[in-house]
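Asks: build me a model from this:
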Amino acid sequence: MYRIILPIKVHAVKLAYRKALLDKMIHGYFCVRRGHRTVAVTYDPDNAKCTSVNPKVHYVSSKQGKKYAEAVNEYLVIKAEYDDLLTRWNAMYSFQPPKVRFPIKQLQENHKMDNAFYNMQIDNKGKYTPDNPTVSDSGVFKSKNELMAADALKELGIPFKYETSLYIPEVDEWINPDFLLDFYEINRCSYLEVLGMNDKLNYAVATSTKINSYSKGKYRPGREIIYIHLYDRYSFDKVYFIEQVLSAFNSLIPDSALEWGADYSHLNEVS
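Replies: Predicted coordinates:
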């Protein structure tokens with residue numbers, strides 16, 4: 001089974017991002033007391049008296065319990081992601097993760113493609129409807145390659161929107177990019193095109209025209225736009241796809257955003 005290995009800057013950012021979230025979240029766990037499911041709160045940013053030694057316990061069925069149960073559920077999800085990232089880091093490296101300076105600023109921005117931009121975009125704007133669309137838990141797509149790309153993005157935990165609309169004034173043209181990816185940890189998003197029928201002349205010409213349009217609009221390959229080149233509709237390579245996406249993610253993290261060599265053992269201190 002293929003095991004995803006994160007590039008070091010991506011790994012460091014994902015780890016630090018979740019640590020920053022955890023520092024602001026309510027901490028706790030669930031247990032059963034006197035036959036009732038309860039939530040024990042061990043840390044509350046708004047209540048200094050709440051500690052792991054002196055947790056505040058509420059029945060989940062109560063009004064306060066429901067509120068805390070939701071918060072603790074969110075905490076446990078992020079904590080599990082953080083623990084997995086930290087375990088994988090320690091297995092790969094003999095040094096501490098770097099400090100990450102949030103928010104991460106891009107050295108050059110041709111377009112304001114941030115989380116706010118991603119959230120404003122509307123998906124499924126493409127006009128072409130195939131006779132036999134590909135349907136799965138990831139959505140409805142026009143090709144098997146797009147479906148496999150969507151499944152790989154879900155496995156990576158990268159949010160995406162399918163076929164949003166993009167106007168490129170330099171060529172006076174509207175384009176429906178295959179995907180818009182949200183690298184939310186760094187407040188950045190990128191378009192992604194799966195170019196998978198280059199064995200067909202008409203499609204290859206259309207692909208070249210689309211790439212030329214992106215280029216004239218100053219959408220840089222590997223940054224504002226990620227190209228996944230495949231020979232035909234049957235040649236999707238999951239490993240290649242994941243490596244290309246993660247490489248682009250990694251390139252969007254400036255070296256200046258990371259501070260190496262200090263003691264960041266506090267990253268391990270999450271209750």
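Asks: all contacts plus neighbour counts: C-alpha atoms, from now on.
Replies: OK.
Asks: can you pull out the helices in the protein?
Replies: Ranges of helices in the chain, per DSSP state H, are 8-24, 63-92, 115-120, 144-156, 201-216, 238-251.
Asks: in the fourth one, what counts as buried?
Replies: For helix 144-156, the neighbour count (16 or more other C-alpha atoms under 10 Å) marks 144, 145, 146, 147, 148, 149, 150, 151, 152, 153 as buried.
Asks: repeat that for the shortest one.
Replies: Buried positions in helix 115-120, judged by neighbour count with 16+ other C-alpha under 10 Å: 115, 118.
Asks: show the pLDDT at the most centrally placed residue in the chain.
Replies: The structure's the chain has its C-alpha centroid closest to residue 158; by C-alpha atoms, centre = their mean the separation is 3.0 Å. The score at residue 158 is 98. That number is its pLDDT.
Asks: same question for residue 207.
Replies: pLDDT, residue 207: 82.
Asks: go ahead and confirm residue 134 touches residue 148.
Replies: No - under the criterion of C-alpha atoms under 8 Å, residue 134 makes no contact with residue 148, lying 10.1 Å away.
Asks: so which pair among the buried residues of helix 144-156 is furthest apart in space?
Replies: Taking every pair in the buried residues of helix 144-156 and measuring C-alpha to C-alpha, the maximum separation is 14.2 Å, between 144 and 153.
Asks: what residue in the protein is the furthest from its centre?
Replies: Within the chain, the residue lying farthest from the chain centre (C-alpha atoms, centre = their mean) is residue 34, at 41.2 Å.
Asks: now do the phi/psi pair for it.
Replies: In this entry, residue 34 is assigned phi and psi values of phi 50, psi 40 (degrees, to the nearest 10).
Asks: list the contacts for it?
Replies: By C-alpha atoms under 8 Å, 6 or more residues apart in numbering, the contact list for residue 34 is empty.
Asks: least trustworthy helix or strand in the protein by mean pLDDT?
Replies: Counting by mean pLDDT, DSSP states H and E, the weakest-scoring helix or strand in the chain turns out to be strand 134-136, with a mean of 75.
Asks: okay, now the sheet partners of it, with direction.
Replies: The strands that strand 134-136 pairs with in its sheet are strand 139-141 (antiparallel) (by DSSP bridges).
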